[in-house]
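> missing the sequence, but the structure's below:
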Ligand SMILES: C[S@@+](CC[C@H](N)C(=O)[O-])C[C@H]1O[C@@H](n2cnc3c(N)ncnc32)[C@H](O)[C@@H]1O
């Protein structure tokens with residue numbers, strides 16, 4: 001297992017791994033591997049857009065000390081479970097609006113106390129902002145037409161100055177009619193108008209053909225690259 005440029009993420013060959021917070025337990029059927037007496041979970045890029053983003057060339061040093069994170073669109077907790085591995089002492093708030101997805105998320109959180117699930121609509125951050133407070137990382141993966149507006153509203157409410165935003169932009173949820181590049185350009189322009197710096201843009205194909213990941217620095221935070 002070799003360390004990578006992203007704290008807590010390991011690599012063996014082409015595969016990424018995180019250290020399993022619950023040794024012996026799988027979350028979504030992933031491989032478990034033991035090295036040096038430590039158990040790791042394989043992080044599947046076809047199942048998790050964050051793993052895809054790392055493998056497709058996200059910049060190193062994306063996070064340093066994460067004490068709290070807000071994750072919008074947790075679904076059953078596939079990606080969330082790896083954040084739970086990465087930051088055992090953090091509070092990872094997970095917003096999910098579907099009661100069907102929320103049930104397995106809740107079960108996962110019972111076994112992983114750093115996960116704090118919220119059954120809520122990410123379009124209404126005022127409903128959970130008081131519980132969440134200010135976070136170091138805002139991650140969004142919701143297939144909604146107004147994805148950028150949702151991200152901006154949550155960032156305005158909860159993201160710390162100097163924090164990091166990751167927006168998994170599902171291009172075809174914004175519109176079916178315009179070229180992908182134009183949709184991404186408009187999304188970037190809207191974010192920049194709101195004061196964000198785009199630190200990286202990463203296409204997720206072949207792992208996720210419809211998504212482009214944007215790594216964002218909020219207003220007045222220093223940007224690494226545009
Ligand atoms: C593609 S799935 C997320 C997969 C998950 N991020 C992962 O990598 O494991 C999108 C999720 O967003 C949820 N979602 C969509 N709109 C939402 C909203 N407005 N508020 C909260 N959750 C929402 C859906 O119910 C669905 O579970």
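All right, it came through fine. Note that this is a predicted model, so its numbers are computed, not measured.
> could you point out the longest strand in the chain?
For the chain, the longest strand by residue count, based on DSSP state E, is strand 159-170.
> for that one, which strands pair with it and how are they oriented?
If you go by DSSP bridges, strand 159-170 pairs up with strand 135-140 (parallel), strand 211-217 (antiparallel).
> I'd like those strands laid out as JSON lines, including mean neighbour count and mean pLDDT.
(Each C-beta comes from the backbone N, C-alpha and C, glycine too.) Shown next, in JSON lines, are the strands paired with strand 159-170 (neighbours: other CB atoms under 10 Å; pLDDT from 0 to 100):
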{"stretch": "strand 135-140", "mean neighbour count": "24", "mean pLDDT": "98"}
{"stretch": "strand 211-217", "mean neighbour count": "23", "mean pLDDT": "95"}
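> closest to the ligand out of those?
Across the strands paired with strand 159-170, the ligand has its closest neighbour in strand 135-140 (7.9 Å, CB to the nearest ligand atom).
> all strands for the protein, in order.
Under DSSP E, the chain gives strands at 2-3, 9-12, 15-19, 32-35, 38-43, 68-72, 91-96, 115-119, 135-140, 159-170, 197-203, 211-217.
> list the buried ones in the helix or strand bottoming out on mean pLDDT in the chain?
Least confident helix or strand of the chain, by mean pLDDT, DSSP states H and E, is helix 171-174 with a mean of 78. Within helix 171-174, the residues that count as buried by 16 or more other CB atoms under 10 Å are 171, 173, 174.
> do stretch 149-158 as well
Neighbour-count burial for stretch 149-158 flags 150, 151, 152, 153, 154, 155, 157, 158 (criterion: 16+ other CB under 10 Å).
> tell me if that stretch is near the ligand.
No. Stretch 149-158 does not reach the ligand (CB under 6 Å from any ligand atom); its nearest approach is 6.6 Å.
> give me the contact list for that stretch.
70, 72, 122-123, 125-126, 129, 132-135, 138, 140, 142, 144, 165, 167, 190-191, 194, 196, 216, 218 (CB atoms under 8 Å, 6 or more residues apart in numbering).
> tell me the most buried of the strands of the chain?
strand 68-72 (a mean of 27; mean count of other CB atoms under 10 Å).
> partner strands of that strand, parallel or antiparallel?
Strands that pair with strand 68-72, judged by DSSP bridges, come out as strand 91-96 (parallel), strand 135-140 (parallel).
> what parts of this structure come near the ligand?
So far as CB under 6 Å from any ligand atom goes, the chain lies against the ligand at 48-49, 72-73, 75, 78-79, 95-98, 101, 121-123, 141-144.
> one more time with 8 Å
Residues of the chain found near the ligand (CB under 8 Å from any ligand atom) are 47-50, 71-80, 95-98, 101, 120-123, 139, 141-144, 150, 168, 170.
> please name the residues that touch residue 62.
Applying CB under 8 Å, 6+ apart, we find residue 62 in contact with 6, 164, 166, 215.
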